[in-house]
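> pasting the structure only:
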């Protein structure tokens, strides 16, 4: 038995990527060995060449280009060839090839527009081989079977790179070409093995004759779907809990610069707050939580832990990261994996792995994402000049009511003049749209460049990015720049060394235009400029003694003054790890990180600013605040991993020890007294701000952790996991230095049981787990220990005084979370329908909060920290993915996904302190009016309840609000004691819904978020329609929908009533919304085009964020900073 | 063996962990780091005195600000004036409410600070000065409670001792303390004071001058406990407090006994003494600092008073000024130059009021001084003292008791203090001098002495006397009993 196979060297076949030849080779490598014999006939190609002592490769390359043919086969052989000198003119290609191959160790065969390189068999055969083209039939006669054919996937798409081997053969096989073709020559009938990662391996019996048509079927979820826990990688099938994985491919589709948007769209349990206030301010970090809120009150910590390449990073790092750097994101949700993080994992963990350099040829990737932000003012519906004036007249603002007759006489005259002037102005066409003044539409471009390559065990990558994210408020934005260098050195099965150095630059700069809210209040009949074209600075002033409302200032005037407000932070981080394969079954990993973040803060306010209107002392005008904050962290860990496989048993055990030391130190100074905006530096100030001292920060944290974890799998069916962790940290206080956390989990892959296998339910696995973890990130020594300050000038005679500055409570302990989850994954008919369901029950014990106490305690600021009670979060998550249409022949597919989450929180136990805390949560303004409904906490109740006085609506007779008191009586009097639970902010169901359509290279993805049935206290309704200051502009409904005369049936109180509206059930609304958070359109260019431009990849992306929002509740959103709609464009080129 | 080795290694790791983990932020000092040696306790005690020195307490409101505005020494007619509402006892307005709430909270904060000290003080049990630290802390705790009792508790002649008064906090506890009755508070005060008195039995002030510095060598670590005892909660201050508490309770005999104890002992030690009529004219003696049994020292006093009182040569008018001006003419006619007991020679009338020329209003100049005269100069140092308990008061307490039992002695004490104030004409003990009449004379003497001291309001309250001001104000519980802060009632409900 003799066989002929055009083979590759082993390592090439294994990696699928060549190492030592130029970039084009990798593509050629995949381009198949042979085209099918009957596809057309070869047109004789003519070659003209003149070479002396060139390498065979370069000569062939030239021929390839000239003849526009393919070059395939065992190209590594070309390396050992002798230099070639040749001179031909317009000669047949086959002859030329023969000439070149003469005297070399290789054969060059030309067939079907392809040059085939192979090893010379033996000298006697040389002639035969040289004459191969002419004598191919001869080979068959010599009992050699020539097998050719094509490999396709189930959808009929040609598959390249399928490995084809002879069953039982010792030699290496061949790979299928670009169009799925292959060609082998074997000696006698045999079986061939077709294999490829991600596809079921097939054996095919070979008989001579017709070309083989091999269909490879895809293996579902069998490969590489792993959950990265930050400590280990676990195959999804062997995992015992719930986690969401996001891969690069998905991130690329999103084309977004904001990672939070992406995660929210992909996992409904990852919740980003609505930001009613901050709008689209790029400098305000969104609040996020996973699976609900576990603590309430001033010091509530609900943000998950962010782990990047094994080490904790601040949430700002995730916010500012260049999305192109990310390889995978895992969102760990339940105890089976969060317990690995012990004291830090209680709110869930987001694990990010950055990209590793690819082995092989050098590639450059450039990604450009221009994004357009369009300001969205559609939530605003303010009165115009004429309407505002009409409202003012109805609200009776032009009648002097001082109570002093003589005074009234003069003031009334002023008022009359003012009204006349305004009426004339309005008639004259004055109608200033103030909202438009401080905003703009912006174009920001994100650039990202990555170079990578390597070989012989060394791999490296170099990356850089720059993004100036311009905000929609004029002159505000956030600039980010990053650079990174990764180096990997590997001796297979001995050692892996990895070093990642990164630099991140962020500059957050605020708008000189100030708070957007100011512009919503300015009256539209006021003019921005006076007759001379200068700014009108003050509005509504009537001279020294008389006034009409409070004087308002023109913020545009202030915006034109000297201004600075920025924070620059620079992060330098180096991660290093060494993996040592100490014994065949034992791996030792050591890793360490050094991080340094330095932030500089600069804020300048001009001495001409209207805030200094009544200040004459030059020493006090203008201010400059400057300071810095430096964060330093050292962290190291050692990990011993033992893994063994015996029979059907598989075991992975880890023992980890960690140590961490970090500190934040900083100082902040304020100087005052500026004479001119030209000198905006601290040293030009006249003095330090009166009574000011540097504000210092010092937040040292040291911690150690010991962790043991175990994964056991039997026959890929039963999986068991367990972890035990002990954490010690300086911030726990000396009383309770260490805490212990555990978890246990089990999962069962029923679909792997023989008795289960069926065609309908192709996948069914379920899991359950339980464990504990904690959240201590905001825990600090000040909570447990009483603190003192030393202040300059605060001495008692000759003794420096320790100024009491904080009350500690030695009894307070960090909170603990106990979590139990069960879940299941169903797969119906392969990937036709996939459903993941999980239920969880998370109990937070010892939730920490500040407790307000009676002043007779004598505590600093009348508060201290206390463990308050027990909170339970129960809920479920369902994710479904369905293939609506799939037509592989046309390369078309359409998927639909739906996610639904319900979370119900409940206060299980309540301490006495929390009962008193209830009272303190009533928010009051300076005059003692209640301005916001408090969240009252009561045992057995949800944490999201809203309390207010039940309202019976507006009395049509007089426009006053009617309330029902606690005894059921009807009253006009609002009394805080009558407040009841009138709503619950927890939605009945929320989640995401999405669809994606793929057609050839085009993919369109639309993802929306929805929420059903949560109550909302419409604060803006109350603030802008009833508690509006009549002298300022407000929502149009103030004019249109407030009560005007007896008999009016309205929702809002009398138009002239300027009394303060206190929380009542009138403002509770049930909100359901649907918003199109993301629309992604991507187009990947086909291989033909790539080939033409010699590119590896070319992709065009387009995405839109926050396009539409339908809601049952209309409220002003984006109060201090407006919302923006985002359009992102993107080009990604790899070559 | 192997197990033992592992155990030892583990132990080693854990103990070094413990050390590694023991780190606290450096922008603050923490209880467990600060209160470990005497210097830490000295700093913490200084912190209590400094708290007493804040604007809310003896830096203004408890002294010449809020408390004094309640007795009609000033003339506040402008409704925009900060003290307009207190001047009219309209406690429900924001301005006075804030002042009252702050006084309450700040005194309790002092109490909490002393309780923190007392909770840790046993760590320096072997220190020579342990008794001084502990005695001062207990004394300060009693002092603060006593002030609160006087302001927020009942007027005993009107409501009796069983009326609800204030919470008495004797330790740092994390739960609310119920209000005690006035009698219960007084019992607790007596207990604290006698304990403090025992601890301060060897107070250096009993054998040294009130401003003596016993730190002998500059190279030694400075010990503030033995420097300038007159500005600290010293032995005599404790006895004076015992006397005052007894007086508040209505037990004049005990009050007189304690007062007499002080008077007798000080006659020999002379560490605190009455002023001599010849020395009161000199700079530094304006407020008779040699009589201060307990004073607070504040290097910021000059700066603080200038935000309340007009400078002597200032040309502001009183009606629109935010500053305070004395009701001079009325005080002069009805008090200092009263036909019964007054005299224009009264050093207080001559030395404490000033008028640059007749076209500008009179000013209270008692606290004003040239701020270039620094506390580092021993001659000017007393200018920075602010009296809390004076020897004059002790004589008055003793005399008040003698008024019924030994009228001659009462008149002797009254004339003694009058002489030190340059009133040379003694008041004779005539036949019509009833006990009440003597007490009225004593009261007027108190009024003259305590102008701008914030002391008189509680004296009116103690005796439930009509407040003698331009328009006499009849005694009423609503006036005498400052309202308990709303937050206290909210977070410390009483039923």
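Yep, that arrived. A quick note: this is a predicted structure, and the numbers were derived from the prediction, not measured.
> Show the contacting residues for whichever residue of the stretch 51-200 of chain B sits closest to chain A.
Chain A sits closest to residue B:112 of the stretch 51-200 of chain B, with a gap of 2.9 Å, by Cβ to the nearest Cβ. In short, each C-beta sits where N, CA and C put it, glycine included. Shown in contact with residue B:112 (Cβ atoms under 8 Å, 6 or more residues apart in numbering or on different chains): A:804, A:807, A:857-859, B:169, B:172.
> and those residues, which of them are in helices?
Nothing among the contacts of residue B:112 maps onto helices, per DSSP state H.
> from those residues, which single one is nearest residue B:229?
residue A:804 (23.6 Å; Cβ to Cβ).
> quick revisit: tell me the secondary structure at the residue of the stretch 51-200 of chain B closest to chain A.
helix (DSSP: H, G, I helix; E, B strand; the rest coil).
> what's the farthest-apart pair in the contacts of residue B:112?
Farthest pair in the contacts of residue B:112, by Cβ to Cβ: A:804 and B:169, 14.6 Å.
> of those two, who's got more company?
residue A:804 (24 against 21; other Cβ atoms under 10 Å in any protein chain shown).
> which residue packs closest to the more buried one, ignoring adjacent ones?
residue B:113 (5.2 Å; Cβ to Cβ, 6 or more residues apart in numbering or on different chains).
> What number of residues are in the vicinity of the one you found?
Using other Cβ under 10 Å, the number of residues around residue B:113 comes to 30.
> Verify the stated contact: it with residue B:44.
Yes - with contact defined as Cβ atoms under 8 Å, residue B:113 and residue B:44 form a contacting pair (6.9 Å).
> Can you tell me the SS state at residue 77?
I went with chain A, as the question did not name one. Classification of residue A:77 using three-state DSSP returns helix.
> The residue of the stretch 51-200 of chain B closest to chain A and residue B:146, how far apart?
With distances taken as Cβ to Cβ, to the nearest Å, residue B:112 is found 16 Å from residue B:146.
> Over to residue A:764?
77 Å.
> In terms of neighbours, single out the busier of these two.
residue B:146 (23 against 18).
> ok so, going back, any chance of the contacts of residue B:112 in a markdown table with distance to residue A:244 and pLDDT as columns?
A markdown table is the format used below for those (distance: Cβ to Cβ, whole Å; pLDDT from 0 to 100):
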| residue | distance to residue A:244 | pLDDT |
| --- | --- | --- |
| A:804 | 48 | 93 |
| A:807 | 42 | 92 |
| A:857 | 46 | 92 |
| A:858 | 49 | 93 |
| A:859 | 44 | 94 |
| B:169 | 53 | 96 |
| B:172 | 47 | 93 |
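> and these, which of them are in strands?
residue A:804 (DSSP state E).
> so how far is residue B:332 from the nearest residue to residue B:347 once chain neighbours are set aside?
Among residues not flanking residue B:347 along the chain, residue B:422 sits closest, at 4.1 Å (Cβ to Cβ, 6+ apart). For residue B:422, the distance to residue B:332 (Cβ to Cβ) stands at 16 Å.
> Compute the number of surrounding residues for residue A:969.
9.
> cool, residue A:90 as well?
If we define neighbours as other Cβ under 10 Å, then residue A:90 has 7 of them.
> Make sure it is actually in contact with residue A:48.
Yes - contact criterion Cβ under 8 Å: residue A:90 and residue A:48 qualify, at 5.5 Å.
> Next, the residue sitting nearest the centre point of chain B: secondary structure please.
Closest to where the C-alpha atoms of chain B average out (Cα atoms, centre = their mean) is residue B:388, at 3.3 Å. Three-state assignment for residue B:388 (three-state DSSP): strand.
> all strands of the stretch 201-350 of chain B, in order?
With DSSP state E, counting those that start in this stretch, the ranges of strands along the stretch 201-350 of chain B come out as B:292-297.
> mind listing what residue A:559 touches?
A:438, A:474, A:511-514.
> could those go into JSON lines alongside neighbour count?
Shown next, in JSON lines, are the contacts of residue A:559 (neighbours: other Cβ atoms under 10 Å in any protein chain shown):
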{"residue": "A:438", "neighbour count": "25"}
{"residue": "A:474", "neighbour count": "16"}
{"residue": "A:511", "neighbour count": "23"}
{"residue": "A:512", "neighbour count": "23"}
{"residue": "A:513", "neighbour count": "22"}
{"residue": "A:514", "neighbour count": "18"}
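> now for those, which pair is the farthest apart?
A:474 and A:514 (10.5 Å).
> quick one: common contacting residues for those two?
A:438, A:559.
> Just give me the neighbour total for residue 267.
You didn't pick a chain, so chain A it is. With other Cβ under 10 Å as criterion, residue A:267 counts 24.
> um, chain B though
The number of residues near residue B:267, taken as other Cβ under 10 Å, comes to 10.
> do you know how far whatever residue of the stretch 751-900 of chain A ends up closest to chain B is from residue B:177?
Nearest to chain B, among the residues of the stretch 751-900 of chain A, is residue A:858, at 2.9 Å (Cβ to the nearest Cβ). Note on residue A:858: its distance to residue B:177, by Cβ to Cβ, is 10 Å.
> Tell me the first helix or strand C-terminal of the host helix or strand of residue A:409.
Assigned by DSSP states H and E, residue A:409 belongs to helix A:405-427. Counting by DSSP H and E, the next helix or strand C-terminal to helix A:405-427 is strand A:442-455.
> Quick check: nearest residue in space to residue 49, chain neighbours excluded?
I'll assume chain A. residue A:88 (5.1 Å).
> try chain B instead
According to Cβ to Cβ, 6+ apart, the nearest residue to residue B:49 is residue A:796 (4.4 Å).
> Share the number of residues neighbouring that neighbour, please.
For residue A:796, the tally of surrounding residues (other Cβ under 10 Å) stands at 26.
> contacting residues for it?
B:45-47, B:49-50, B:53, B:224, B:231, B:297.
> All set, thanks.
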